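1. Turn this into a structure:
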Amino acid sequence: MTYCVAMRVDAGLVFLSDSRTNAGVDHIGTFRKMSVFENPGDRMMVLLTAGNLSISQSIRQLLVNHVNQDGHSLWTATTMYEAAQILGDAIRTVHERDGEALTKFGIDFNASMIFGGQIKGERCRLFQIYSAGNFIESQNESVYFQIGESKYGKPIIDRVLGLDTTLDEAAKCALISMDSTLRSNISVGLPLDLLVYEADQLAVTRFVTVDDKNQYFRMIRDTWGQQLKTVFDGIDDPVWDAAPEAIGNVLSNTNMHSKPVRVPTPPELTLGAGDPVLVQSLAGQDTGKPQP
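-> The predicted structure is shown next:
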């Protein structure tokens, strides 16, 4: 499994990926999942991959020289949309070549990707690419994409990220999202690749490989949990069975008529109102006297 996230804000793009591909008692695989396609001054594009490693590696290798029906490659595409189409074509080419053989061995054609960057003359753009080669583009209402083990790191992004988020804040948000995932899922692991791209630079502006010795990431790992606990402790406990006129932190009051959905008691245990219930032994025998 893996976790990759990419963010598009007004100031540029942020890409973050882990490097774990397999996890078990005695086997952990590490492969980098971020690939950069860069021609400084003309274009800067980033590909993040998740899913079957052999499939994603085949697609990435083919993508280097793959051309579309117009003779354009990733290096000559006129727009990021066309570049995403070329990536989709490469995925379908690998599927046509390997898909049937994989199916015979019970292996799904499983590959998901995030692709983004900027080509000279247009704005930064971000796409999520699916196994069929189709894709969607990030819009202002949805400024990030995740692939892989995404659920643990999603809440912080939803609460923090917006178009006006600075690149440093977006990078911090991505790293906290990754830390939350690392803590909850062993199939995601260090080292991480973090790339921060400043809009209109048309070249990689900031990149770092983060391992367990990285000072900033260690600070996040230590601080985030402590800050969450502090915030948690600062929230008042609920008030139960408050007076009807009470206000403030009331979870229930005395005039509420909430009731749970109760499962009917088995008839053999229901002896009538006021009758004692016999306690049964594990063998189904009476223990003796009725219990008060």
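2. show me the contacts for the spatially most central residue of the chain.
-> The centre of the chain sits closest to residue 150, judged by CA atoms, centre = their mean, with a distance of 1.8 Å. Residues near residue 150 by CB atoms under 8 Å, 6 or more residues apart in numbering: 3, 5, 181. Just so you know, the C-beta spots here come from the backbone N, C-alpha and C atoms, and that holds for glycine as well.
3. please redo it, this time with the cut-off set to 7 Å
-> Neighbour list for residue 150: residue 3 [criterion: CB atoms under 7 Å, 6 or more residues apart in numbering].
4. how near is it to residue 185?
-> Separation of residue 150 from residue 185 (CB to CB, to the nearest Å): 10 Å.
5. what ranges of this protein fall below the confidence cut-off?
-> Applying pLDDT under 70 to the chain picks out residues 22-27, 271-292.
6. Now do the helices in it.
-> Using DSSP state H, the helices of the chain run over residues 53-63, 80-104, 154-160, 167-184, 215-234.
7. what's the closest of the ones you listed to residue 44?
-> Nearest to residue 44, of all the helices of the chain, is helix 80-104, at 10.5 Å by CB to CB.
8. what does that closest one rub up against?
-> Under CB under 7 Å, 6+ apart, the answer for helix 80-104 is 45, 55, 58-59, 62-63, 66, 68, 72-74, 77, 109, 111, 115, 117, 119, 122, 125, 127, 129, 133-135.
9. so how far is it from its chain's centroid?
-> Put simply, helix 80-104 sits 23 Å off its chain's centre (CA atoms, centre = their mean, to the nearest Å).
10. for stretch 254-274, same thing?
-> 43 Å.
11. Output it as CSV, restricted to C-alpha atoms.
-> Provided in CSV are the C-alpha atoms of stretch 254-274 (Å, rounded to 0.1, in the frame of the first residue of the first chain):
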residue,chain,number,x,y,z
THR,A,254,-34.6,16.0,31.7
ASN,A,255,-37.4,16.7,29.3
MET,A,256,-35.8,14.8,26.4
HIS,A,257,-37.3,11.4,25.6
SER,A,258,-34.5,9.8,23.7
LYS,A,259,-34.5,6.0,23.9
PRO,A,260,-32.2,3.4,22.3
VAL,A,261,-33.4,0.7,19.9
ARG,A,262,-33.7,-2.3,22.2
VAL,A,263,-33.6,-5.9,21.0
PRO,A,264,-36.5,-7.9,22.5
THR,A,265,-35.6,-10.1,25.4
PRO,A,266,-35.9,-13.9,24.7
PRO,A,267,-39.3,-15.2,25.9
GLU,A,268,-37.7,-17.8,28.2
LEU,A,269,-36.0,-14.9,30.1
THR,A,270,-39.2,-12.9,30.4
LEU,A,271,-41.2,-14.5,33.3
GLY,A,272,-43.6,-11.6,33.8
ALA,A,273,-43.5,-8.4,35.6
GLY,A,274,-41.9,-8.7,39.0
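12. and for it, what are the contacting residues?
-> Stretch 254-274 is contacted by residues 241, 243-244, 252, 277 when judged by CB under 7 Å, 6+ apart.
13. Including distance to residue 231 and neighbour count, could those residues go into CSV?
-> Supplementary listing: the contacts of stretch 254-274 in CSV, determined by distance: CB to CB, whole Å; neighbours: other CB atoms under 10 Å:
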residue, distance to residue 231, neighbour count
241, 27, 11
243, 29, 11
244, 31, 9
252, 24, 12
277, 46, 12
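14. hmm, back to that, nearest to residue 202, of the helices of the chain?
-> Nearest to residue 202, of the helices of the chain and by CB to CB, is helix 80-104 at 12.3 Å.
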